[in-house]
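# Following is a predicted model, sequence given first.
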Amino acid sequence: MQGYNVIIVYNEDLDSILMCKRLRNPYKGLSGLVGGKIEAGEDGLESAYRELFEETSISRNSITLHHLMDFTYYYKNCYVEAYAGRLKHNVLVAGDENELYWSDLNHNFFDTSFYAGEGNVGHIIEQVNMCKDTILCD
């Protein structure tokens, strides 16, 4: 079963999250969270740090990621691991896979005409909101 990860990155002040506008399918033109494929034999957390660095230039020294939840799609033969973290300091994000931008939190992240993933972006953000005092206090 193929694994993937998605990573929700909050800024230092916890008033913005890092988003990407997808440049290719699936979900071309829609916004989503950064992430990617878990390689065969790769630990999920290590994969999340690797993908985060590859897509955004954010190193593990700048953020502590917490494994939030998993989704298993049996009929698609894949699973998704969701991670969340708060930046320890201001960083310059850069990447060429997708267009990166900071979004404030006053959006309907369940709007599937703007956000990728059939509502998963909104669901993940809501899950972080329920435990943010624990996982975003680093």
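Arrived safely, thanks for sending. Please read all numbers here as calculations on a predicted model, not as lab measurements.
# ok now stretch 76-93, how far from the chain's centre?
4 Å (C-alpha atoms, centre = their mean, to the nearest Å).
# Same check on stretch 28-44?
With C-alpha atoms, centre = their mean, you get 8 Å for stretch 28-44.
# Quick check: which helices or strands does the longest helix along the chain pack against?
Across the chain, the longest stretch assigned as helix under DSSP state H is helix 120-135. Applying 3 or more C-beta pairs under 8 Å, 6 or more residues apart in numbering; DSSP states H and E, one finds that helix 120-135 contacts strand 2-10, strand 66-73, strand 78-86. Every C-beta, even on glycine, is put in place using the N, C-alpha and C of the backbone.
# and these as JSON lines, adding mean pLDDT and distance to F114?
Shown next, in JSON lines, are the helices and strands packed on helix 120-135 (pLDDT from 0 to 100; distance: least, C-beta to C-beta, whole Å):
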{"stretch": "strand 2-10", "mean pLDDT": "98", "distance to F114": "16"}
{"stretch": "strand 66-73", "mean pLDDT": "97", "distance to F114": "20"}
{"stretch": "strand 78-86", "mean pLDDT": "98", "distance to F114": "19"}
